[in-house]
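Chemist: Return a 3D structure for these sequence lines:
(4 chains)
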There are 2 protein chains.
Amino acid sequence: MARPVRTIPSSPSVSTTARSLGKESSLTLERGLALLQAVADSDSEAPTISDLAATIGASRAAVYRLLVPLQDRGLVRREGSRVRLGLGLLRLAAKVAPQLRHAALPALRQLAESVGATAHLTVADGDEAQAIAVVEPSWTTYHVAYRVGTRHSLRRGAAGKAIGLRAAEPGWIGTTGELQTGAHGIAAPVRGVAGLRASVGVVTMEPLDGNIVGPQVITAAATVAAALR
Amino acid sequence: MARPVRTIPSSPSVSTTARSLGKESSLTLERGLALLQAVADSDSEAPTISDLAATIGASRAAVYRLLVPLQDRGLVRREGSRVRLGLGLLRLAAKVAPQLRHAALPALRQLAESVGATAHLTVADGDEAQAIAVVEPSWTTYHVAYRVGTRHSLRRGAAGKAIGLRAAEPGWIGTTGELQTGAHGIAAPVRGVAGLRASVGVVTMEPLDGNIVGPQVITAAATVAAALR
DNA sequence: CTCCGAGTGTCCGTATATCGGACACCTTTG
DNA sequence: CAAAGGTGTCCGATATACGGACACTCGGAG
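Modeler: As a prediction, the model looks like this:
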């Protein structure tokens, strides 16, 4: 099996300056991203270059250097002597939903097939909910068709209400006819993924037994959460 | 006044390695962002680390180093041996709209006051339009109230239709009652800002004379475009 | 069973890209 | 008009990032 001889680095590497970081990383990129974050975090106020230098703890000269690539890619924009977020971020963010889709599909497929109902992943955007991924069961005669991209209030429908569920409350919620007369929904929040307010659920044309389907939906939500961890 | 003596850099700087880039910049950050972009650009497929190294033209070791900060900030996420966009991007993108607002407000204020009508900036998100900034005139007895965050189809209303106007077509478009019975709108596209599909317009309760208001709206749209340049 | 190719992850010495202090300048404010 | 606070740029020193080389794993193909 080839033992890990490894040539023995003898001493824990004291080559030049004692490699402070255990994990090898990139300081410059780290600072660049800190800079971007600093610009984002300054809502309402007005972040000047000197401000930013102070915030990320680097020299002004460094900020100038770092701004160039950020500006070139439109992640940041200079407005006089102030720095603002740029539209490049929108372009990038637009591509995250499709990739999120891919990650969630397996769990949704599994849920759709086992319940025999259309399954969906819905994320919060502001105070609205948007369907990001939808999977229809393959073996049913009839099922509900549900379009990706659909939006509705966070306060309506199982998908929307589930997103608002606190940790103390039950793990799933069911509604009937809130978004569409005759439609029944059960959904559970996707928990434990930083920066994501979302839910996983199913929609049917006939009433669902929450005691059966509820746990399945919760499991699917947990699986999606794990995939995004 | 201190004349620009400048100490004369004598030769165009040939210190060590002929400073290839005229502008001082940050190669590492540039690569890091190229990496992020590369991840974003790989829709549907599956970008592996070696792929990414090839795409951005760097060694695999470099990609490993660069991934650390990107991953720490949630801009990127590792899925087995594949790399996907992370949810941190959504958090960042959420902060761009407010900052966009600030940039557009002066032009909208000017437009609202001069026309005496509620002015708005509307951006496209997918195939829907969303109101990002709204300014109501200060001197009118009545005016239309319009809520920031409102969404509607890109195919309806002056604000939506204007976004789709091609360069060959007229610079503004007017509609009546498409979003709200009794409401009249005139809007013009914001042109020449990369990554932004948006329009600027006004809404009133009485018919508007396009020959008068049209040019004003076009001017406002151009001003907004310039502010975002 | 073994070879091969294509992956990942990590180490190291080297050289290069980044660092930050210092400078020149410009506007605003007391 | 001096002081304060800003921007933008230069430079030599050195910390930082570079990429080749290594150790390893996995999955066919021969």
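
Chemist: May I have the beta-bridge partners of residue A:201?
Modeler: Following DSSP bridges, residue A:201 is listed with bridge partners residue A:120, residue A:187.

Chemist: What pLDDT is listed against it?
Modeler: pLDDT for residue A:201: 97.

Chemist: How about residue A:3?
Modeler: According to the prediction, residue A:3 has pLDDT 33.

Chemist: now residue A:185
Modeler: pLDDT, residue A:185: 96.

Chemist: Could you report the distance from it to residue B:87?
Modeler: 24 Å (C-beta to C-beta, to the nearest Å). C-beta here means a position set from N, CA and C on the backbone, and glycine is covered the same way.

Chemist: mind listing the helices in chain A by residue range?
Modeler: A:27-41, A:49-56, A:60-72, A:88-94, A:96-115, A:157-163, A:210-228 (DSSP state H).

Chemist: Could you confirm whether any residue of the second one contacts DNA strand C?
Modeler: In this case it means helix A:49-56. No: Helix A:49-56 stays clear of DNA strand C (C-beta under 7 Å from any atom of the strand), getting no nearer than 8.4 Å.

Chemist: then that helix to PDB, C-alphas only?
Modeler: Output of helix A:49-56 as PDB, limited to C-alpha atoms (Å, rounded to 0.1, in the frame of the first residue of the first chain):
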ATOM      1  CA  ILE A  49     -10.900  54.900  -0.300                       C
ATOM      2  CA  SER A  50      -9.400  56.000   3.000                       C
ATOM      3  CA  ASP A  51     -12.300  54.500   4.900                       C
ATOM      4  CA  LEU A  52     -11.900  51.300   3.100                       C
ATOM      5  CA  ALA A  53      -8.200  51.100   3.800                       C
ATOM      6  CA  ALA A  54      -9.000  51.600   7.500                       C
ATOM      7  CA  THR A  55     -11.800  49.000   7.500                       C
ATOM      8  CA  ILE A  56      -9.800  46.200   5.900                       C
END
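
Chemist: in it, what counts as buried?
Modeler: Of the residues in helix A:49-56, A:51-53, A:55-56 count as buried by neighbour count, 16 or more other C-beta atoms under 10 Å in any protein chain shown.

Chemist: Include pLDDT and distance to chain B when you put these into TSV, please.
Modeler: Shown next, in TSV, are the buried residues of helix A:49-56 (pLDDT from 0 to 100; distance: C-beta to the nearest C-beta, whole Å):
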residue	pLDDT	distance to chain B
A:51	92	15
A:52	93	14
A:53	93	14
A:55	92	15
A:56	93	12
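
Chemist: Out of these, the closest to DNA strand D would be?
Modeler: residue A:51 (6.9 Å; C-beta to the nearest atom of the strand).

Chemist: Contact partners for that closest one?
Modeler: residue A:42 (C-beta atoms under 8 Å, 6 or more residues apart in numbering or on different chains).

Chemist: gap between it and residue B:48?
Modeler: Residue A:51 sits 39 Å away from residue B:48, taking C-beta to C-beta as the criterion.

Chemist: quick revisit: so for residue A:185 and residue B:87, which sits in the more crowded spot?
Modeler: residue A:185 (29 against 20; other C-beta atoms under 10 Å in any protein chain shown).

Chemist: isn't the more buried one right up against residue A:161?
Modeler: No: when contacts are counted by C-beta atoms under 8 Å, residue A:185 is not listed as touching residue A:161 (9.2 Å).

Chemist: buried residues in the least confident helix or strand in chain A by mean pLDDT?
Modeler: Lowest by mean pLDDT, DSSP states H and E among the helices and strands of chain A is strand A:76-79, with a mean of 89. For strand A:76-79, burial by neighbour count (16+ other C-beta under 10 Å) applies to A:76-77.

Chemist: Given it, what are its sheet partners and their directions?
Modeler: Here strand A:76-79 is paired, per DSSP bridges, with strand A:82-85 (antiparallel).

Chemist: so, in contact with DNA strand D or not, the partner strand?
Modeler: No: counting by C-beta under 7 Å from any atom of the strand, DNA strand D is not contacted by strand A:82-85; separation bottoms out at 7.6 Å.

Chemist: which residues touch residue A:170?
Modeler: Counting by C-beta under 8 Å, 6+ apart, residue A:170 makes contact with nothing.

Chemist: Over to residue A:228?
Modeler: A:100, A:103-104, A:190, A:193, A:196, B:77, B:87.

Chemist: and the residue nearest to residue A:138 when sequence neighbours are not counted, what pLDDT?
Modeler: Leaving out its chain neighbours, the residue that sits closest to residue A:138 by C-beta to C-beta, 6 or more residues apart in numbering or on different chains is residue A:113, at 6.6 Å. Predicted confidence (pLDDT) at residue A:113: the value is 96.

Chemist: Now do residue A:113 against DNA strand C, distance only.
Modeler: Using C-beta to the nearest atom of the strand, to the nearest Å, we find residue A:113 at a distance of 31 Å from DNA strand C.

Chemist: Over to residue A:96?
Modeler: From residue A:96 to DNA strand C the distance is 21 Å (C-beta to the nearest atom of the strand).

Chemist: Am I right that that residue is in contact with residue B:85?
Modeler: Yes: using C-beta under 8 Å, residue A:96 makes contact with residue B:85 at a distance of 4.4 Å.

Chemist: more neighbours, the two?
Modeler: More neighbours surround residue B:85 than the other of residue A:96 and residue B:85, with 25 against 21 (other C-beta under 10 Å).
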